[in-house]
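**Student:** Here is a sequence together with a model predicted from it:
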Amino acid sequence: MEPLILDGKRVATEVKESLRLRVSALKEKGIVPCLATVLVGDDSSSETYVKMKGNACRKIGMESRRIHLPKETTTSELLRVINELNSDDDVHGILLQHPVPKHIDERAAFEAISIEKDVDGVTSLGFGRTSFGFGEYPSCTPAAIMNIIDYYDVSVEGKHAVVIGRSPILGKPVSMMLLNRNATVTTCHSYTENLAEIVSQADIVVAAVGKPNFIKGEWVKEGAVILDAGYNKGNIGDVDYDSCYEKAGAITPVPGGVGPVTISMLLKQTVDSAEKTAELLKKSS
Ligand code: NAP
């Protein structure tokens, strides 16, 4: 039987439609949800990503404030900019585009983002809260994966989820989110032995490796749900789509799977933050 295609474009379109209404309602209260993006240096892919995020904001009526700093910016100068954004009441979310130039202490810069505005889920406090199960703004790609799971009503409880990758923005938080939903989770990484055997036991496979076509169909159990977060040069996922398609019960394509939902999660979390501001203003008036 052919697998169900988990269509990220469709999920993202629905999320953005509902966000448009929430943005209009906020505007009637005098609040324009605003995402500030901070880009340091002139990496062309980072510039493209930041531009895409800004355009996505504008398309649903949000504001996007773009701060582009020169590549010579020091850690303390970057921290000053982040602190200014933290105390700017018109800014509801802050995104520091990764990677920053090597001489900058990136971790210190991420940690400087206030938890209320950490809509990209990059602070250790945000990660800790997500792991405990009450994080408000998880990292966006894990949030996108969970959103696709929920949209298609994929059963998670009691299932064996195998996550390949353990990065702080992807593999680790998605493992914790699946665990919080009562999956039995195995997180694999570059030191994992017998990877194919572990993957073959998975009901849910999350690929977050950063290696094109890495997960092979012959590793995958018949009927498994496959979520491919990978995005490699040439629009290629971490999953070998053709061979996995033959075995999967459901699968995300690349492109058009996890990627579009990731951006919509960034927008959603910024709108969530703006709504909290509106609530606070209402209480204090
Ligand atoms: P990353 O930081 O490079 O992490 C890759 C992970 O894969 C690491 O934990 C690494 O293990 C593990 N790994 C590497 N080789 C392996 C092997 N042979 N066997 C098992 N595990 C192995 O990458 P990332 O930022 O998490 O991104 C992963 C993928 O997702 C990339 O393709 C990226 O482009 C994509 N991505 C997509 C989105 C989106 O919106 N769709 C967003 C972010 C990232 P170690 O920890 O041991 O090194």
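**Tutor:** Great, that's in hand. Just so we're clear, the structure is a prediction, and the values are computed from it rather than from any experiment. Residues are numbered from 1 along each chain as shown.
**Student:** would you say P212 is within a helix?
**Tutor:** No - with DSSP: H, G, I helix; E, B strand; the rest coil as the criterion, P212 is located in coil rather than a helix.
**Student:** Now do it: how many residues are near it, please.
**Tutor:** 17 (other CB atoms under 10 Å). Quick note: C-beta positions are derived from backbone N, CA and C, even for glycine.
**Student:** again with the one 4 residues further on
**Tutor:** K216 sits with 14 neighbouring residues when counted by other CB under 10 Å.
**Student:** Might you report the residue contacts of it?
**Tutor:** Residues near K216 by CB atoms under 8 Å, 6 or more residues apart in numbering: A196, D240, S243, C244.
**Student:** Closest one of the residues you listed to R10?
**Tutor:** Taking CB to CB as the measure, R10 sits nearest to C244 out of these, at 20.2 Å.
**Student:** Touching, that closest one and V220? I think so.
**Tutor:** Yes - contact criterion CB atoms under 8 Å: C244 and V220 qualify, at 5.6 Å.
**Student:** Overlap in contacts, these two.
**Tutor:** If you check C244 and V220 against CB under 8 Å, 6+ apart, the residues they both contact are I226.
**Student:** So the closest residue to G61 other than its chain neighbours: helix, strand or coil?
**Tutor:** Among residues not flanking G61 along the chain, V23 sits closest, at 4.4 Å (CB to CB, 6 or more residues apart in numbering). The three-state label given to V23 by three-state DSSP is helix.
**Student:** same question, V122
**Tutor:** Of the three states, V122 takes coil under three-state DSSP.
**Student:** Tell me how many other residues crowd the nearest residue to it once chain neighbours are set aside.
**Tutor:** Of all residues not flanking V122 in the chain, F110 sits nearest, at 4.4 Å (CB to CB, 6+ apart). For F110, the neighbour count with other CB under 10 Å is 22.
**Student:** What mean pLDDT does stretch 20-35 get?
**Tutor:** Average pLDDT, stretch 20-35: 97.
**Student:** right, I mislabeled it, should have said stretch 157-172
**Tutor:** 98.
**Student:** Residues contacting that stretch, please?
**Tutor:** Contacts of stretch 157-172 (CB under 8 Å, 6+ apart): 98, 121-122, 127, 139, 141-142, 174-175, 178, 181-189, 195, 198-199, 201-210, 214-215, 229, 238.
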